[in-house]
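Okay, here's the prediction I keep looking at, along with the sequence it came from:
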Amino acid sequence: MSTSSAVIIGGTIAIDHVKTPNAEAANLLGGSASYASIAASYYTSPVHLVGIIGKDFPKEHVELFNSKGITLDGVERSEGDSFSWSGEYHENMNDRTTRQVDINVLENWSVKVPATIADAPVVVLANMSPENQLQMLDACTGAKFVVADTMDLWIAIANEKLHEVLKRIDLLVINESEAREFVGTSNLIVAGRRLLGKGPKHVVIKLGEFGAILFTANGTSSPRLFRCAAFPLTEVADPTGAGDSFLGALAGYLASTGQAEYSFEDIRQAVVQGSVVASFTCEAFSTRRLQTLSRSQIDERLAFLKSITHWP
């Protein structure tokens, strides 16, 4: 039975092949829900994972989820091949080219949420099709606070369904280029306000290596704002999954409070947690750094980030 601090995370679970200017690795754990669930596990329990994997999904990845206490009752096992993604990062590590995407088991996937985990109060709709996000929303009967992510593909090919999602969520997380594309402006402050107008009470625009901006509606034309810096890294090995880790840590932190509602201050703190955890993900391929964290390491980075961004 789920508890008041439970979080349920649905999205893709993938096998990745990543190439950077300095290295290359294959058969990596990937997918939006994979990163998000591991990040959330540092803050709260239980973390329920919802997704689909194929017959070729590596056993060691399943064992990793188990080792983090992530429940897999909501993960469907298919006889097909797992969703896989192959990409290459360029010199600045911000731009990447997708080399190959094999949809495989995702093609006809319909989200199923077992009743035993459907009462989790915090629901995370990690990056997946808006149709799948709506299916999950319908099944999560205990939802009190819903966080969703999206991407440029869904903005382009599933815009109407995406707008349905926005009307039913509390917090939207989106990166800066997608925010600009979605609402048709290059100004991120204007973009944040326009996104609030589409339904969510809160919007977080991710700025990559420059942090994030939180917008919270307050009944006026000027929403409350919070600008969070990113933790400064001297080296970036693989930024894949950093945004998903941000999402999971944010949601995990909120769930850990056990509250029914969250203030602007609560969500502001959650954004900072997300920013710090995302920084670890960038330091190694896949979840290799993310999966080895300790709370003390997270707390050290939180303290350092505060020291370089705070003034009297």
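Okay, I see it.

contacts, neighbours, all on C-alpha from now
OK.

tell me which residues in stretch 107-114 are buried?
111-113 (16 or more other Cα atoms under 10 Å).

Now tabulate those residues in CSV and tack on secondary structure and pLDDT.
Formatted as CSV, the buried residues of stretch 107-114 follow (DSSP: H, G, I helix; E, B strand; the rest coil; pLDDT from 0 to 100):
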residue, secondary structure, pLDDT
111, coil, 98
112, coil, 97
113, coil, 98
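
does the closest residue to residue 130 other than its chain neighbours sit in a helix or strand, and which one?
Excluding the flanking residues, the one nearest residue 130 by Cα to Cα, 6 or more residues apart in numbering is residue 162, at 5.3 Å. Here residue 162 is covered by helix 159-166, with elements defined by DSSP states H and E.

That helix packs against which elements?
With contacts taken as 3 or more Cα pairs under 8 Å, 6 or more residues apart in numbering; DSSP states H and E, helix 159-166 sits against helix 130-139.

Now do the same for the residue nearest to residue 130: its pLDDT.
Looking at residue 162, its pLDDT reads 98.

Correct me if wrong: it contacts residue 153.
No: at 10.8 Å, residue 162 and residue 153 do not qualify as touching, with contact defined as Cα atoms under 8 Å.

just to revisit the earlier point, roughly how far out does the very next helix or strand once past the helix holding residue 162 sit from the chain middle?
Sequence-wise, the next helix or strand downstream of helix 159-166 (DSSP H and E) is strand 171-175. For strand 171-175, the separation from the chain centroid amounts to 9 Å (computed by Cα atoms, centre = their mean, to the nearest Å).

would you put the C-alpha positions of strand 171-175 in PDB?
The C-alpha atoms that make up strand 171-175 are tabulated as PDB, following Å, rounded to 0.1, in the frame of the first residue of the first chain:
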ATOM      1  CA  LEU A 171       3.800  21.700 -12.500                       C
ATOM      2  CA  LEU A 172       5.300  21.600 -16.000                       C
ATOM      3  CA  VAL A 173       9.000  21.100 -16.500                       C
ATOM      4  CA  ILE A 174      10.300  22.000 -19.900                       C
ATOM      5  CA  ASN A 175      13.600  23.100 -21.400                       C
END
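
If you count contacts, what does it end up packed against?
Using 3+ Cα pairs under 8 Å, 6+ apart, strand 171-175 sits against strand 145-149, strand 202-206.
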